[in-house]
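J.: model this:
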Amino acid sequence: MKPLRLLRSGALVAALAAPAACHLDALFHAPGSSGPQAVSPDVAALLLVFTVQPRNALPGATIQPPVQLTAVDTLGYAATNFTGVVRLMIGHDGSVLGNATLSGTTSVVARAGVATFGDLSIVQPGVNYTLKAGFGTRAPIAESAPFTIGP
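T.: Numbering: from 1, shown residues only. Next up, the predicted model:
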């Protein structure tokens, strides 16, 4: 995993690899300082991380264990004060006809920064499905690892 580092006016110098858990470092050059300074601002949730990835399941069966996402701040710590809506959708449709539907509760309110989706299922068999997640109605910002729906 590569850390996300911000220098000077926020220029991005390294990308974040898709983590199961992540830590982000924010470093800034303060005026008159001799080098980067660590910051610890009181920040809101910035990213979503799949902390429990979807696993293979039978068609129509509930995906177990429940899929879980954690909201994290710019430093990579769980944003335990986040209580907003997190939404899931199919990212890559692994079905033969490309018409799969994600069933169950696809929008939940996070508790202490964690969103748990306990009743998700997909009826159409397929391989390399992924799920995408976003904050409320905003564009998705996280994608799960691939999984299979089938025997």
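J.: For burial, what's the neighbour tally of Ala61?
T.: Residues near Ala61, counting by other Cβ atoms under 10 Å, number 12. Quick note: C-beta positions are derived from backbone N, CA and C, even for glycine.
J.: Check the one 4 residues further on too.
T.: The burial metric for Pro65, expressed as a neighbour count using other Cβ under 10 Å, is 12.
J.: residues contacting Thr62?
T.: By Cβ atoms under 8 Å, 6 or more residues apart in numbering, the contact set of Thr62 is 104, 118-121.
J.: Now that we have those residues, which of them are buried?
T.: 120-121 (16 or more other Cβ atoms under 10 Å).
J.: Which of the contacts of Thr62 sits closest to Thr51?
T.: Lowest distance from Thr51 to the contacts of Thr62 (Cβ to Cβ) belongs to Gly118, with 14.2 Å.
J.: Distance-wise, check that closest one relative to Thr106.
T.: For Gly118, the distance to Thr106 equals 12 Å [Cβ to Cβ, to the nearest Å].
J.: ditto for Pro66
T.: From Pro66 across to Thr106, the span is 13 Å (Cβ to Cβ).
J.: what's the closest of the contacts of Thr62 to Ala133?
T.: Checking these against Ala133 by Cβ to Cβ gives Leu120 as the nearest, at 11.7 Å.
J.: so who does the closest residue to the closest one other than its chain neighbours touch?
T.: Distances taken as Cβ to Cβ, 6 or more residues apart in numbering put Gly104 closest to Leu120, at 4.2 Å, once the chain neighbours are dropped. Residues in contact with Gly104 (Cβ under 8 Å, 6+ apart) are 62, 117-121.
J.: before we move on, what about Thr101?
T.: Contact analysis of Thr101 by Cβ under 8 Å, 6+ apart lists 90, 122-124.
J.: Next up, the contacts around the residue lying closest to Ile122 once chain neighbours are set aside.
T.: Nearest non-adjacent residue to Ile122, counting by Cβ to Cβ, 6+ apart: Ile149, 4.8 Å away. Contacts for Ile149 (Cβ under 8 Å, 6+ apart) come out as 56-59, 94-95, 100, 122, 124-126, 129.
J.: who's Ile149 bridged to?
T.: Beta-bridge partners recorded for Ile149 (DSSP bridges): Ala57, Gly126.
J.: What distance do you get for it to Ala78?
T.: With distances taken as Cβ to Cβ, Ile149 is found 30 Å from Ala78.
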